[in-house]
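K.L.:
Here is my input, please return the structure:
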Amino acid sequence: MNGPQILLDHEQHWVTDMGAWFPGERVVFRGKDLFHDLKDISWMALLLYGITGRMFDDRQLRLFEGMWTLCTSYPDPRLWNNRVAALAGTARSTAALAIGAANAMSEASVYGGRPLIRSIDFLLRTQEQLDKGARLEEVIKQELKTYKRILGFGRPLIRKDERIAPMMKLAEDLEFCDGTYIKLVFSVEKILVRHRSCLSMNIAALLAAMSADQGLSRYEYYHFMVLCFSAGMFPCYSDALNKPEGAFFPFRCERVDYQGKPRRKWISTSGINKVNGNESFQDG
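P.N.:
Numbering: from 1, shown residues only. This is a model prediction of the structure:
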């Protein structure tokens, strides 16, 4: 149903099983009492429960924490989203605005939020085809023909991703390194490296595989990763905030290689401006 009736049906009326606050009494979080049923779980466990509606054991939570700790918490202000946080600090903006804007910038098309969901989508679709008897090389060939690339493979600037080894070590320690999708992503890498030497795996593909092995859907994985860069943003913001205002990566005008139209010459005589030979009257 579309139209005004939808608005009328929902006026001061919202049906949900996600939760509610009962002032002065309790908080319901996905059907559980936050103060009693969930009082002993970690913030990571609460976050994942809010996203998925499922509880994860300690080993799984350690794996998910490692995805954020080892793979996305880089306090380098040169990174695209961290730069926004640092710019907010040098402009003396608030931390909330800095981190909010930087997280919004994390939704990048080539690196960031969008490749994450594209990576897990590729792995889930590929495994579905393999379960039906398809050959992996043919699936990859068709994927490249259709989309020209496979997100999660290849990396700007350098080919090697330094996060793969420590993340796989953590997965090995937690006995999660033999999952279906982890095996799949390494098989895909072997084929791509053999045929396209620059397309080795990057961390987006590996994290997608690990999340798929833990039962996360496309959007559950994406939602889980929305805040994953935040820990690296705060140091960048604080660092810029504690330095002179406006001192973050200043850029002299003469360093700009301008390729546009030449600078216009203005000549003012008796209230008339001449711009490239055309006259226009000056207000006042």
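K.L.:
Domains in this structure, by residue range?
P.N.:
Under the assignment automatic domain parsing, the domains of the chain span 16-55, 68-106+231-245, 113-225.
K.L.:
Can I get the ones you listed in a markdown table including mean pLDDT?
P.N.:
As requested, those are exported to a markdown table (pLDDT from 0 to 100):
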| stretch | mean pLDDT |
| --- | --- |
| domain 16-55 | 96 |
| domain 68-106+231-245 | 96 |
| domain 113-225 | 92 |
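K.L.:
Let me see the contact set for the spatially most central residue of the chain.
P.N.:
Centroid-nearest residue in the chain: residue 113, 2.9 Å away (criterion: Cα atoms, centre = their mean). Counting by Cβ atoms under 8 Å, 6 or more residues apart in numbering, residue 113 touches 106, 107, 222, 225, 226. C-beta here means a position set from N, CA and C on the backbone, and glycine is covered the same way.
K.L.:
Repeat that for residue 105.
P.N.:
Taking Cβ under 8 Å, 6+ apart as the test, what residue 105 contacts is 80, 81, 84, 112.
K.L.:
so which pair among those residues is furthest apart in space?
P.N.:
Greatest spatial distance in the contacts of residue 105: 84 and 112, 12.0 Å, computed using Cβ to Cβ.
K.L.:
the more surrounded of these two?
P.N.:
residue 84 (24 against 18; other Cβ atoms under 10 Å).
K.L.:
Spatially nearest residue to residue 55, not counting backbone neighbours?
P.N.:
Leaving aside its sequence neighbours, residue 55 sits nearest to residue 49 (Cβ to Cβ, 6 or more residues apart in numbering; 6.0 Å).
K.L.:
Could you do residue 221 as well?
P.N.:
residue 211 (4.4 Å).
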